[in-house]
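Participant: Could you look at this predicted model? Sequence included:
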Amino acid sequence: QKFDEVKSNFISVVAHQLRTPLSGVKWTLSMLINGDLGPLNNEQKTFLMKSYESNARMITLVNDMLVADGIQSGRVHYGFKHIDIIDLMDNVLFDVSPQASKRSIAIVYKNKFENLPQAYVDPETMRAVLQNLLENAIKYTIDKGRIEIDVQKEDDHLTISISDDGIGIPKDQVKDVFVKFFRASNAIKRETDGSGLGLYIAKTIIEKNGGEIWFESVEGKGTTFHFTVPI
């Protein structure tokens, strides 16, 4: 218990200390790229863009570490409400669909979802889960791919499924998917960004919301994540 507390404080202090200089670097790089400090040739711009992207990745990692630490140490407040899960999904889709359309990836609902009962969840953390699962599906799906969303009512819960026809998860690595900082070898090969914290965070949030999460995956064919929420 004491060790966990020390570790948590250490992560929190380090991550907060990193966030300020990283934001400063981001600001300076964006000024250079936008030509605010004088004109650049294309080669200079390309190199600065690479630095800007690496810096953005670092900021994402730091933010993910702070979120994961907040969730683990119980600092995240959950305010449970009755909500329409499709409304929440529509909101998240509005945010993530530009990433999908840039690569001609179709995101479709499997049904019309009429007369679905309301879910009893914390909207803020549930939004983070939906965003994470959809962004993953987009990230690991090839161009012109397809993502399907399904919601089924079962007894006292709803089961939400998000399927992609992406790179899938290698069979020998399936057991580690929800482990902190884990990234599958084929994901690393594709050089997609990722901190390895997203699914760990999603699993923790879903369990705190009274649900569970699992998946099926075939390497090279795609992955379906399922999770439940109480109604």
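Facilitator: Done, it's in.
Participant: wait, is I147 part of a strand?
Facilitator: Yes - counting by DSSP: H, G, I helix; E, B strand; the rest coil, I147 is found in a strand.
Participant: Burial check on it, number of neighbours?
Facilitator: When neighbours are counted by other CB atoms under 10 Å, I147 registers 22. Yep, even glycine has a C-beta here, placed from its N, CA and C like the rest.
Participant: Tell me if I'm right that it and Y140 touch.
Facilitator: No - the criterion here is CB atoms under 8 Å, and I147 misses it with Y140 at 10.2 Å.
Participant: what residues are shared contacts of those two?
Facilitator: Jointly contacting I147 and Y140 under the rule CB atoms under 8 Å, 6 or more residues apart in numbering are D164.
Participant: And the nearest residue in space to T125 that is not next to it in sequence, which helix or strand is it part of?
Facilitator: Spatial nearest neighbour of T125, chain neighbours left out: I205 (4.5 Å); criterion: CB to CB, 6 or more residues apart in numbering. Taking DSSP states H and E as the definition, I205 sits inside helix 198-208.
Participant: What helices and strands are in contact with that helix?
Facilitator: When contacts are defined as 3 or more CB pairs under 8 Å, 6 or more residues apart in numbering; DSSP states H and E, helix 198-208 packs onto helix 42-72, helix 123-139, strand 213-218, strand 222-230.
Participant: can you tell which of the ones you listed is closest to S97?
Facilitator: Checking the helices and strands packed on helix 198-208 against S97 by CB to CB gives helix 123-139 as the closest, at 8.9 Å.
Participant: I'd assumed P230 was in contact with G210.
Facilitator: Yes - between G210 and P230 a contact is recorded at 4.6 Å, counting by CB under 8 Å.
Participant: Find residues that contact each of the two.
Facilitator: Y120, V121.
Participant: Please tell me how far the residue most central in space within the chain sits from M31.
Facilitator: With the centre of the chain defined as its mean C-alpha position, the nearest residue by CA atoms, centre = their mean is N132, 2.3 Å away. Separation of N132 from M31 (CB to CB, to the nearest Å) stands at 31 Å.
Participant: Over to Y120. Which of the three states is it?
Facilitator: Taking three-state DSSP, the label given to Y120 is strand.
Participant: Enumerate the beta-bridge partners assigned to the residue lying closest to it once chain neighbours are set aside.
Facilitator: Residue nearest to Y120 in three dimensions, not counting chain neighbours: P230, with 4.9 Å by CB to CB, 6+ apart. P230 forms beta bridges with H157, as assigned by DSSP bridges.
Participant: Please give me every residue in contact with P230.
Facilitator: Contacts for P230 were tallied using CB under 8 Å, 6+ apart; they are A119, Y120, V121, D156, H157, N209, G210, G211.
Participant: how about those in CSV, adding neighbour count, distance to V13 and pLDDT?
Facilitator: Formatted as CSV, the contacts of P230 follow (neighbours: other CB atoms under 10 Å; distance: CB to CB, whole Å; pLDDT from 0 to 100):
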residue, neighbour count, distance to V13, pLDDT
A119, 26, 36, 96
Y120, 17, 36, 95
V121, 28, 31, 95
D156, 11, 42, 92
H157, 19, 39, 95
N209, 21, 29, 92
G210, 15, 32, 93
G211, 22, 32, 95
